[in-house]
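S.K.: Quick one, structure for this:
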Amino acid sequence: MSRVLRLLPTAYLYALDVAAAAVLVMVYLDFARMSDVPAWLGYPVAVLVGAPLALRRKRPLLVLGIVLAAQNVATIAHITLEPYSATAFAIYMVAAACSSRVAVGALAATLGSAWVAVFIGEAWPESAGLSIFLTLVVCAAWALGRTTRIRRSYEARQAAEASSKAVAEERLRIARELHDVVAHSLSLITVKAGVAAHVAPSQPEEAREALQIIEKASRGTLVEMRRLLGVLRSEDSEADLAPMPGLDDLPELVTRASLAGVNVSLSVAGSLPDGLGLTVYRIVQESVTNVVKHAAPASCEVSIVVGDASVEVRVVDDGPGERVLAGGGGGHGLIGMRERVAVYDGTFSAGPLAGGGFAVRAEVPLS
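M.R.: Reported below is the predicted structural model:
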């Protein structure tokens, strides 16, 4: 039951608190009318016992203090004799929201003041029985609150560890792909260097062309090597030296998506070096895959614009945008795209659109 309540939106939880507060106020108003206490005392006490509980999630300690004081007055004035259920309702939130030191102190103060009020308001042995009963009720609510806090803390640590692990694994995967890009470029340099050395005496123009290719490839390789060293976090395994996908492979990706029920329109303006082309390809691939998984059948627009200083990637679909928020943070696909863009010191954003659909935007510097 507590798991279900935790998953409810905050507005519903506040609504439950308001409903509980209203019920307790009405119950205590009946007690006040049936008691011998004058209305000027009974009615305000009834309101103070229940009404503050509507705000117990915002100010748990303050609410506990007001409710406890009002219940102590109600007990001493013989308005009602019940096991401090409103106080238990308030102390649950204190135990769930506050630190151990504050929660233990609040429990001790609550039980101490409640015992004093019961022994003042009631004679022996009724006071002893009521004290035992209220102790059980209050301690049970407090223990439930602490259990909830411990479980939430454990789940938060698990989520943080899972997120950190996902980021580390994604960085390692990116590093391995950049390794493949660098290896492919070095293979090209080796081949062209051999060609240049072989034809230099007889065909200087062809040798010059090979040297220009070597220069361009080596510059790009040095840039990718710097990025590779920046993201590598563990020993790389033996990698496949085949070239990685790039912008030229996007039409095939679009064709596969159409077979899965997603109508993708692709617009590409410009060309990119291998490493950056791989990053753009992976962003589009993950975005389109998310559309296939969560929104198909749907339409999707992919726009890639290579400018003078940066390349802008935009993937927009008309599916249900709220789907990404259901998991509370997006999942590993968004982590992967964000990490890829971060390698190039770019900017990344992803989220639902106001009019429906979902958009992924990335801007990656070329230099």
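
S.K.: quick one: secondary structure of Thr110?
M.R.: Here Thr110 is helix, with the state taken from DSSP: H, G, I helix; E, B strand; the rest coil.

S.K.: Can you get me a residue count around it?
M.R.: Per other Cβ atoms under 10 Å, the neighbour tally for Thr110 reads 27. Yep, even glycine has a C-beta here, placed from its N, CA and C like the rest.

S.K.: again with Ile304
M.R.: Ile304 has 23 neighbouring residues, counting by other Cβ under 10 Å.

S.K.: so what's it bridging to?
M.R.: Counting by DSSP bridges, Ile304 is bridged to Val268, Val313.

S.K.: That one and Glu170, how far apart?
M.R.: 22 Å (Cβ to Cβ, to the nearest Å).

S.K.: Just give the closest residue to Asn72, not the sequence neighbours.
M.R.: Using Cβ to Cβ, 6 or more residues apart in numbering and skipping residues adjacent in sequence, the residue nearest Asn72 is Ala117, 3.8 Å away.

S.K.: from the middle of its chain, how far away would the helix or strand in which that neighbour is found be?
M.R.: According to DSSP states H and E, Ala117 maps onto helix 100-121. Once both centres are worked out by Cα atoms, centre = their mean, to the nearest Å, helix 100-121 turns out to sit 38 Å from its chain's centre.

S.K.: Give me the helices and strands touching that helix, please.
M.R.: Applying 3 or more Cβ pairs under 8 Å, 6 or more residues apart in numbering; DSSP states H and E, one finds that helix 100-121 makes contact with helix 60-76, helix 85-97, helix 126-199.

S.K.: Identify each buried residue in the first one, please.
M.R.: For helix 60-76, burial by neighbour count (16 or more other Cβ atoms under 10 Å) applies to 60-61, 63-75.

S.K.: pLDDT of it, averaged?
M.R.: The average pLDDT for helix 60-76 rounds to 88.

S.K.: Then the second one?
M.R.: For helix 85-97, the mean per-residue pLDDT is 88.

S.K.: Helix or strand: which one has Ser299?
M.R.: Judged by DSSP H and E, Ser299 forms part of strand 298-306.

S.K.: Distance of Ala108 relative to Thr135?
M.R.: Here Ala108 is placed at a distance of 12 Å from Thr135 (Cβ to Cβ).

S.K.: Neighbour count: the two, which is higher?
M.R.: Per other Cβ under 10 Å, whichever of Ala108 and Thr135 has more neighbours is Thr135, with 17 against 10.

S.K.: if I pick that one, what's in contact with it?
M.R.: Thr135 makes contact with Leu111, Trp115 under the criterion Cβ atoms under 8 Å, 6 or more residues apart in numbering.

S.K.: before we move on, what about Trp124?
M.R.: Contact analysis of Trp124 by Cβ under 8 Å, 6+ apart lists nothing.

S.K.: Can you tell me the SS state at it?
M.R.: Trp124 ends up coil, using three-state DSSP.

S.K.: quick one: pLDDT of Glu363?
M.R.: Reported pLDDT for Glu363: 92.

S.K.: Quick check: it vs Tyr84, distance?
M.R.: In terms of Cβ to Cβ, Glu363 sits 59 Å off from Tyr84.

S.K.: the more surrounded of those two?
M.R.: Taking neighbours as other Cβ under 10 Å, Glu363 and Tyr84 compare with Tyr84 leading, 28 against 18.

S.K.: And the nearest residue to the more buried one once chain neighbours are set aside, how close does it get to Phe119?
M.R.: Leaving out its chain neighbours, the residue that sits closest to Tyr84 by Cβ to Cβ, 6+ apart is Leu134, at 4.5 Å. Distance from Leu134 to Phe119, counting by Cβ to Cβ: 12 Å.
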